[in-house]
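Engineer: Next one to model:
(chains A and B)
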Amino acid sequence: MKLDVAGVGKDYLIPVIDSVSFAAEAGEFLCILGPNGCGKTTLLRIIGGIEPATRGRVMLDGQPIVADARHPRRIGVVFQEDRLLPWLSLRDNVALVLVPLGGTVAARVATAERYLKLVGLTGFEHYYPSRVSGGMRQRAAIARALAIEPELLLMDEPFGALDAQNRRIMQTEVRRIWRETGRTILFVTHSIEEAAAIGTTLVMLSARPSRVRELIVNDDATDRPKLVERLNTMIMEEVERQQGTGPPER
Amino acid sequence: MTWRDWTARLHLPTLAVALVILAGWAALSWRYGAFVLPSPLSVLYGLGDILRSGEIWRHTGASLARIAVGFGGAVVAAVLLGLLGFVSRLARGVVADGLAVLNSTSVFVWIVISIIWFGLSNWAPIFTTFMITLPVVASNIVEGVASVDRRLIEMGDVYRLSGWRKFRAIVVPSTLPYLVAGMKVGFGLALKVSVVAEIFGVTSGIGYIMNYSREILATQMVFVWALVMILVMTATDKLVFDTVSRRLTRWR
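Structural biologist: I've put the predicted structure just below:
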């Protein structure tokens, strides 16, 4: 699996994304960072084929991803909200997205239960979403995205609605799941600490209309506190630029 | 359970008020005479009479059969209109406007028109019931269809669920509670309206027998049949609609 984002841009009434290019190798954990309103979510939606791009293209293994086309790609998405069907149990929610992949009902249920176990929801399979906490609902949404065995897993600020404690727990969990499954993950966040804690590669976007400001490798050799400080400086500069009070465009 | 729970459960305060009203009723009946206001006891005896003679089933059955056709037809038509509104946003607007017009048409208009069209037959109350309950049920369904969470549909798209699967797994469950709520209100309305329409031209049904009782000066029977109506309404509300809607929203 190789993801290639080439010159992707999006205009609404104004240009939101100017031109963004980067690539991801199989098994990478990419974090997309940037000031609010710079089009992080839009970029993720374009990559997921949910929304069309105005410019540029997204290729997965040399095949273009086109919005509204029934591309045969398996892309799992975890949204900001859990987007579970409230009238289905956690297990049935996961099993539902396996329907297009075929297989017997029993096999789908078994797969759903396996992935619920992976995210630590064993024992809660038959609970309705309203009966469990927000963190558990988001876990179920992650299980659903993983259950289709996606080539690419897109996560759009999935822990934004969680409290600090749950957020920390979920970050560790996602990191563990990533290691265990080896999936390629694209993770959008506006939290610098979160990006530095979980991503292997950080894509720092500039202010609107956004471009890639910097690609940063974040491995075991990275000095985390220093990285966080550097990212903070960058974000502040971009926020100021967006508000028109900062240094002029480079 | 505490004393307070039992009080609430048995509707004790309501019962107390009912007793006071019964006492007042009895006093007024004694003062003005049974022709104007029959006593509570005579109404109770009347109820016993029609239960023994089986008359209660004949007329209640006739009314319910007409409601089944008129209201049942309205529910089917409402579901079809809801589907239309789901398929096309344009159709949804037209349907909503049409329902608003129907909603503001008086019962009496339909009664008169149905007598002109169908004469003195079963179809007059059936048609009236249909026309009055259709907008109530349909506007609920259309509202339900419009309130389907787009974000859930988008989730279905992302996971490449088929159109049919999205309809069954997302649209139907989110619309059903609206349908049941609409049917609950619609059924109550159906009972009230069909009974009025039964005054004209048919020889069975609660509306017919109430009017007949008035004509033969059996005032207590007017009260008896009113009581039957109330019982039928309360029973279906509690036993059918509340049970169904509780089942449908177990997940809440």
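
Engineer: all helices for the chain, in order.
Structural biologist: You didn't pick a chain, so chain A it is. Applying DSSP state H to chain A gives helices spanning A:40-47, A:90-96, A:105-118, A:134-147, A:164-181, A:192-198, A:224-242.

Engineer: should've been chain B
Structural biologist: So, for chain B - with DSSP H - the helices run B:3-9, B:12-32, B:40-53, B:55-87, B:89-103, B:107-118, B:123-146, B:150-158, B:163-166, B:172-197, B:206-215, B:219-235, B:242-248.

Engineer: Let's have these in JSON lines, adding mean pLDDT, mean neighbour count and distance to A:R108.
Structural biologist: In this view, the C-beta of every residue, glycine as well, is placed from N, C-alpha and C. Shown next, in JSON lines, are the helices of chain B (pLDDT from 0 to 100; neighbours: other C-beta atoms under 10 Å in any protein chain shown; distance: least, C-beta to C-beta, whole Å):
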{"stretch": "helix B:3-9", "mean pLDDT": "75", "mean neighbour count": "10", "distance to A:R108": "44"}
{"stretch": "helix B:12-32", "mean pLDDT": "91", "mean neighbour count": "12", "distance to A:R108": "51"}
{"stretch": "helix B:40-53", "mean pLDDT": "92", "mean neighbour count": "15", "distance to A:R108": "55"}
{"stretch": "helix B:55-87", "mean pLDDT": "94", "mean neighbour count": "19", "distance to A:R108": "27"}
{"stretch": "helix B:89-103", "mean pLDDT": "91", "mean neighbour count": "14", "distance to A:R108": "34"}
{"stretch": "helix B:107-118", "mean pLDDT": "92", "mean neighbour count": "16", "distance to A:R108": "51"}
{"stretch": "helix B:123-146", "mean pLDDT": "94", "mean neighbour count": "25", "distance to A:R108": "28"}
{"stretch": "helix B:150-158", "mean pLDDT": "93", "mean neighbour count": "18", "distance to A:R108": "16"}
{"stretch": "helix B:163-166", "mean pLDDT": "92", "mean neighbour count": "13", "distance to A:R108": "13"}
{"stretch": "helix B:172-197", "mean pLDDT": "93", "mean neighbour count": "21", "distance to A:R108": "19"}
{"stretch": "helix B:206-215", "mean pLDDT": "93", "mean neighbour count": "19", "distance to A:R108": "52"}
{"stretch": "helix B:219-235", "mean pLDDT": "93", "mean neighbour count": "18", "distance to A:R108": "42"}
{"stretch": "helix B:242-248", "mean pLDDT": "89", "mean neighbour count": "13", "distance to A:R108": "24"}
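
Engineer: Same list, the ones you listed, but as JSON lines with distance to chain A please.
Structural biologist: Converted to JSON lines, those look like this (distance: least, C-beta to the nearest C-beta, whole Å):
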{"stretch": "helix B:3-9", "distance to chain A": "25"}
{"stretch": "helix B:12-32", "distance to chain A": "32"}
{"stretch": "helix B:40-53", "distance to chain A": "42"}
{"stretch": "helix B:55-87", "distance to chain A": "17"}
{"stretch": "helix B:89-103", "distance to chain A": "18"}
{"stretch": "helix B:107-118", "distance to chain A": "36"}
{"stretch": "helix B:123-146", "distance to chain A": "13"}
{"stretch": "helix B:150-158", "distance to chain A": "4"}
{"stretch": "helix B:163-166", "distance to chain A": "6"}
{"stretch": "helix B:172-197", "distance to chain A": "4"}
{"stretch": "helix B:206-215", "distance to chain A": "38"}
{"stretch": "helix B:219-235", "distance to chain A": "28"}
{"stretch": "helix B:242-248", "distance to chain A": "8"}
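
Engineer: Figure out which of those is closest to A:R211.
Structural biologist: The closest of the helices of chain B to A:R211 is helix B:150-158. By C-beta to C-beta, the value is 26.7 Å.

Engineer: how close does the residue lying closest to A:T42 once chain neighbours are set aside get to A:C31?
Structural biologist: In space, and not counting its chain neighbours, A:T42 is closest to A:K10: 5.4 Å by C-beta to C-beta, 6 or more residues apart in numbering or on different chains. Look at A:K10 and A:C31: by C-beta to C-beta, to the nearest Å, they are 20 Å apart.

Engineer: Same question for B:A146.
Structural biologist: Distance of B:A146 to A:C31, computed by C-beta to C-beta: 38 Å.

Engineer: go on, A:A107?
Structural biologist: 34 Å.

Engineer: Then B:V244?
Structural biologist: 48 Å.

Engineer: Next up, the contacts around the residue nearest to the spatial centre of chain A.
Structural biologist: Residue closest to the average C-alpha location in chain A (C-alpha atoms, centre = their mean): A:M155, at 2.0 Å. By C-beta atoms under 8 Å, 6 or more residues apart in numbering or on different chains, the residues touching A:M155 are A:77-78, A:142, A:145, A:174, A:185-188.

Engineer: again, only using 7 Å
Structural biologist: A:78, A:185, A:187-188 (C-beta atoms under 7 Å, 6 or more residues apart in numbering or on different chains).

Engineer: So which of these reach chain B?
Structural biologist: Among the contacts of A:M155, not one lies near chain B by C-beta under 7 Å from any C-beta of the partner chain.

Engineer: Make JSON lines from those residues and add distance to A:Q243 to it.
Structural biologist: Output for those, formatted as JSON lines (distance: C-beta to C-beta, whole Å):
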{"residue": "A:V78", "distance to A:Q243": "31"}
{"residue": "A:I185", "distance to A:Q243": "31"}
{"residue": "A:F187", "distance to A:Q243": "26"}
{"residue": "A:V188", "distance to A:Q243": "22"}
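
Engineer: Can you get me a residue count around residue 167?
Structural biologist: Using chain A here. Using other C-beta atoms under 10 Å in any protein chain shown, the number of residues around A:R167 comes to 19.

Engineer: oops, I was thinking of chain B
Structural biologist: Neighbour number of B:F167 under other C-beta under 10 Å is 17.

Engineer: ok, it to chain A distance?
Structural biologist: 13 Å (C-beta to the nearest C-beta, to the nearest Å).

Engineer: now that residue: how far from B:L239?
Structural biologist: 30 Å.

Engineer: before we move on, what about B:G61?
Structural biologist: Counting by C-beta to C-beta, the gap from B:G61 to B:L239 is 17 Å.
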